[in-house]
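**Student:** Okay, sequence plus prediction incoming.
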Amino acid sequence: MDWGSLAGLAIALLGLLIGQAVEGGQIASLVQPAALLIVLFGTFGAVLLQSNYPTFMAGLVMAKQVFVIPNDDRHELVARINAWAIFARKEGIFMLENFLSRESEPFIRKGLQLMIDGTPPDRIREICAIDMHFYELKQRNAAKIWSAAGGYSPTIGILGAVIGLIHVMENLSDPSRLGSGIAIAFVATIYGVALANLVFLPIAGKLKTLINQEMMRREMLLNAWVSIARGDHPKIVDERLQSYLH
């Protein structure tokens, strides 16, 4: 669990509540289900209209990575790569097939298979670079739904405010119903702006960072495969890998 992300979200929301209380307002007045429904449904409806369904769902699933720390296996991966380099140096690159069955990640299996098949280093780089490009494109498109939500949310909040004011105008003759309409109007704006700047945009930024980290990991693997396929000494392979650990 990424406690930093959870703490950041909690601090941001707590700041709003404390600020409301310090000013003498009632915290309960910020709880307006109607305003929340308008903002959430309106925002995600607009995002879904903008993107296709698989990308939208992939973006929602990616959000859990913000609060659950992804496994950083770079040190373990470097140890495995060094084992490949040493084995290939002693037994021949074609004997790396013994390691293939131990790997479950498709990208790693592809790189090992290319080396086992005797693919030239430049061709390995070309094939894996194409794979990395489309992987990154797919991941970034999925992450963009959160930045899109951050863009739409404040505007939907204003829309909720207008709806609330319409409700107020319709009930001018009934003063008992004016309060709820005004509350929805102003709270909808708060929800729209707060969700955009405290939730949606921070999630988008965190996902971009995680994607960059994964691309660096894949770049490390690619450079290692090319180096092993060229027949570089295992010490040289390890020297290159160490740069990715800092």
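**Tutor:** Structure's in. What do you need? Numbering: from 1, shown residues only.

**Student:** domain parsing for this structure?
**Tutor:** 1-30, 32-245 (automatic domain parsing).

**Student:** Select from the ones you listed the stretch with the lowest mean pLDDT.
**Tutor:** Here the lowest mean pLDDT among those goes to domain 1-30, at a mean of 73.

**Student:** Which parts of the chain are helices?
**Tutor:** For the chain, the helices defined by DSSP state H cover 3-22, 33-50, 53-62, 64-67, 74-91, 97-100, 106-116, 121-170, 178-195, 201-229, 234-242.

**Student:** Turn those into JSON lines, including mean neighbour count.
**Tutor:** Where you see a C-beta, it was placed from the backbone N, CA and C, and this is true even at glycine. As requested, the helices of the chain are exported to JSON lines (neighbours: other CB atoms under 10 Å):
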{"stretch": "helix 3-22", "mean neighbour count": "12"}
{"stretch": "helix 33-50", "mean neighbour count": "18"}
{"stretch": "helix 53-62", "mean neighbour count": "15"}
{"stretch": "helix 64-67", "mean neighbour count": "16"}
{"stretch": "helix 74-91", "mean neighbour count": "16"}
{"stretch": "helix 97-100", "mean neighbour count": "14"}
{"stretch": "helix 106-116", "mean neighbour count": "18"}
{"stretch": "helix 121-170", "mean neighbour count": "18"}
{"stretch": "helix 178-195", "mean neighbour count": "20"}
{"stretch": "helix 201-229", "mean neighbour count": "19"}
{"stretch": "helix 234-242", "mean neighbour count": "16"}
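
**Student:** Looking at this protein, name the residue that lies furthest from the middle.
**Tutor:** Distance from the C-alpha centroid of the chain peaks at Ser173, with 49.4 Å (CA atoms, centre = their mean).

**Student:** What's the separation between it and Gln242?
**Tutor:** Going from Ser173 to Gln242 by CB to CB, to the nearest Å gives 76 Å.

**Student:** what sits against the residue nearest to the spatial centre of the chain?
**Tutor:** Against the mean C-alpha coordinate of the chain, by CA atoms, centre = their mean, the closest residue is Leu207 at 2.5 Å. Residues counted as contacts of Leu207 (CB atoms under 8 Å, 6 or more residues apart in numbering) are 62-63, 65-66, 143, 146.

**Student:** among these, which two are most distant?
**Tutor:** Using CB to CB, the two most remote members of the contacts of Leu207 are Gln65 and Trp146, lying 11.5 Å apart.

**Student:** Pull the contacting residues for Cys128.
**Tutor:** 107, 110-111, 114, 218, 221-222, 225.

**Student:** can you rerun that using 7 Å?
**Tutor:** Applying CB atoms under 7 Å, 6 or more residues apart in numbering to Cys128 gives the contacts 110-111, 222.
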